[in-house]
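1. attaching a predicted model along with its sequence, questions to come.
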Amino acid sequence: MSLMVRPYSPNDADDWDDFCNDSLQTTLLHTRRFLSYHGDQFADRSLIIEKDGQCVGLFPAALSPSDSTLIVSHPGITYGGVIHQGGLRGNRMIEALGAIRQHYASLGLIKLLYKAVPAFYHQAPTQDDLYALFRLGALRIRCDLSSTIDLQHRLSVSERRRRSLKKALKAGVSVIEGRQFLPALWSILSENLERKHSQSPVHKLEEIQLLADRFPENIRCVCGVVNDKLEAGILLFITNTAYHAQYTASSETGYNVSALDAIFEDCIQAAQQNGKRWFDFGISTEESGSVLNDGLYRFKSEYGAGGTVHEFHELDLCQ
């Protein structure tokens with residue numbers, strides 16, 4: 001029997017998250033526990049992919065807030081994609097994406113923006129969706145460059161980073177962890193973004209605290225203390241395969257003593273000890289990937305990281 005798709009319903013939430021637990025490329029971002037924190041901010045149009053009445057895949061998606069003819073997988077998270085447990089490979093993935101396209105076209109939508117899950121989050125190679133998109137005529141319209149350490153084959157750490165780590169340790173930077181430090185970290189982060197870019201963090205403090213409460217094992221706040229004062233920190237998103245630095249911030253005092261070097265090295269070692277394969281610093285691109293912040297990219301690379309990509313594809317639904 002061919003694959004079928006049906007709209008997600010709030011009644012499916014528990015089954016959705018149970019399916020996520022055993023999928024090959026899911027992170028906390030795909031779960032309903034995470035997506036639901038957005039409330040009614042997005043018009044959800046997620047789909048459940050079924051074969052013979054059994055769920056074989058999930059597709060988190062919502063309408064674009066700025067274009068009612070565009071469906072995005074998913075506007076509230078960094079990446080979305082088709083989630084499965086191994087049953088949507090090769091021609092099955094082509095069939096699944098074809099059914100997804102047909103469903104959204106029947107609703108009068110024009111285009112689909114597909115935000116693929118980066119490969120370092122995959123528990124096994126699962127890029128059949130990229131091939132299926134090619135076969136269906138999708139175009140890659142954006143590509144962001146991230147910096148990621150392969151913890152089994154870490155590249156050489158630069159001499160500058162080695163010196164900075166020694167400087168931090170000599171200055172007495174102590175590394176601490178706890179959700180209770182989120183307000184102090186958010187204060188530093190907000191001040192930096194306002195001063196340098198006239199911006200605010202994507203997540204408000206209350207939102208991050210809510211998510212940290214929902215995912216105590218996956219969202220961790222790791223900070224550096226200098227002379228009994230918190231001066232720098234990293235907010236980690238932890239998945240089955242990786243530690244990802246979601247937010248990074250340091251005060252001037254923290255920069256002066258290279259506090260982030262002590263924090264990063266502590267987190268990298270923790271990721272390795274906890275059996276993860278990757279440590280990801282996040283992207284260094286701006287303006288939808290068209291500009292590379294080379295200084296930031298080189299800084300991250302000095303920790304022994306290589307380049308990985310986040311791919312965005314646009315699929316015409318009217319073909």
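-> Received, thanks.

2. is it true that residue 267 lies in a strand?
-> No: counting by DSSP: H, G, I helix; E, B strand; the rest coil, residue 267 is not found in a strand; it is helix.

3. surely it meets residue 234?
-> Yes: applying Cβ atoms under 8 Å, one finds residue 267 in contact with residue 234, separated by 6.2 Å. Where C-beta positions appear, they are placed from N, C-alpha and C, glycine not excepted.

4. for these two, indicate the residue with more neighbours.
-> residue 234 (26 against 20; other Cβ atoms under 10 Å).

5. now for the helix or strand hosting the more buried one, which elements pack on it?
-> Assignment of secondary structure by DSSP states H and E places residue 234 within strand 229-238. When contacts are defined as 3 or more Cβ pairs under 8 Å, 6 or more residues apart in numbering; DSSP states H and E, strand 229-238 packs onto helix 182-197, strand 219-226, strand 242-250, helix 252-256, helix 259-273.

6. measure the residue nearest to the spatial centre of the chain to residue 237 for me?
-> The centre of the chain sits closest to residue 78, judged by Cα atoms, centre = their mean, with a distance of 5.0 Å. As judged by Cβ to Cβ, to the nearest Å, residue 78 and residue 237 stand 9 Å apart.

7. so what sits against both of the two?
-> residue 29 (Cβ atoms under 8 Å, 6 or more residues apart in numbering).

8. tally of neighbours for the residue found closest to the residue nearest to the centre of the chain once you drop the neighbours it is linked to in the chain?
-> Leaving aside its sequence neighbours, residue 78 sits nearest to residue 29 (Cβ to Cβ, 6 or more residues apart in numbering; 6.6 Å). Close neighbours of residue 29, defined as other Cβ under 10 Å, add up to 21.

9. mind listing what's buried along stretch 59-66?
-> Neighbour counts over stretch 59-66 (16 or more other Cβ atoms under 10 Å) mark 59, 60, 61, 62, 63, 64 as buried.

10. same thing with stretch 302-319?
-> Result for stretch 302-319 [16+ other Cβ under 10 Å]: buried residues 302, 303, 304, 305, 308, 309, 310, 311, 312, 313, 315, 317.

11. please settle this for me: is the fifth one part of a helix?
-> No: counting by three-state DSSP, residue 308 is not found in a helix; it is strand.

12. how much space between it and residue 242?
-> Distance, residue 308 to residue 242, by Cβ to Cβ: 10 Å.

13. which neighbours do the two share?
-> 120, 148, 280.

14. about what we covered before: now do the shared contacts for residue 267 and residue 234.
-> Going by Cβ under 8 Å, 6+ apart, residues that sit against residue 267 and also against residue 234 are 222, 245.
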